[in-house]
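Undergrad: sequence-free structure coming up:
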């Protein structure tokens, strides 16, 4: 990486899943010469899912051209699928960014912005099939790299995603050093973190508990895909 700042912008929005943002953020701030921004429409505190308040440091209007734009996910991304101001910002930044990226359901915002057509991408397992509505090729992997498009799966994939980005930007040695500094040595206490591992009855209960949310998201995706034409 050159001495020139590598400008990273993570979209912040109400009802974001904070770990989608804070996981990769913890990796990104350790990249050499990285300049990491939390970007939203205003500089007012943003309430994340669960109540945590996060402070943006850059507005859409004041944001410089980014080398990497990252769209996290969360229940609050549903309204963004029809938010012209946000989608316009994402499109403008993506046009010149070196990397266009997302974590979890943030991929659906990239889709609504028209940035996934013909591209391989991933998202949270409950919403994976929705990517196809935007012309994407859904891939059930934890991190998917397709050219300059890098997408991460559900919430906890954000750190894996961040480390893959670190390797692409600064090389594997830097990424490995960051992983060591974070003591990134996952050892889940339960083999239940993905449908391929979890008891089918547990997966069914999880789907049922999320049915209303997912139905609403599916309808929002259909409207956004129709708006793209």
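TA: Thanks, I have the structure now. No experiment lies behind these values; they were computed from the predicted model shown.

Undergrad: My guess is residue 117 contacts residue 135. True?
TA: Yes: judged on CB atoms under 8 Å, residue 117 makes contact with residue 135 at a distance of 3.7 Å. Where you see a C-beta, it was placed from the backbone N, CA and C, and this is true even at glycine.

Undergrad: With neighbour numbers in mind, choose between those two.
TA: Shown here are residue 117 and residue 135; by other CB atoms under 10 Å, residue 135 has more neighbours (15 against 11).

Undergrad: Might you report the residue contacts of that one?
TA: Applying CB atoms under 8 Å, 6 or more residues apart in numbering, one finds that residue 135 lies in contact with 111, 116-118.

Undergrad: all helices for the chain, in order.
TA: Ranges of helices in the chain, per DSSP state H, are 18-28, 77-80, 84-96, 106-112, 157-170, 172-181, 200-209, 211-228.

Undergrad: among these, which is nearest residue 53?
TA: Comparison of these against residue 53 by CB to CB identifies helix 18-28 as nearest, at 9.8 Å.

Undergrad: which residues touch the closest residue in space to residue 198 that isn't next to it in sequence?
TA: Leaving aside its sequence neighbours, residue 198 sits nearest to residue 192 (CB to CB, 6 or more residues apart in numbering; 4.3 Å). For residue 192, the contacting residues are 198-199, 202, by CB under 8 Å, 6+ apart.

Undergrad: hmm, which of those residues are the buried ones?
TA: Buried by 16 or more other CB atoms under 10 Å: residue 198, out of the contacts of residue 192.

Undergrad: Contacts only, for the most centrally placed residue in the chain.
TA: By CA atoms, centre = their mean, the chain has its centre lying nearest to residue 103, at 2.2 Å. The neighbours of residue 103, taking CB under 8 Å, 6+ apart as the test, are 20-21, 23-24, 70-73, 151-152, 155, 157-158, 161.
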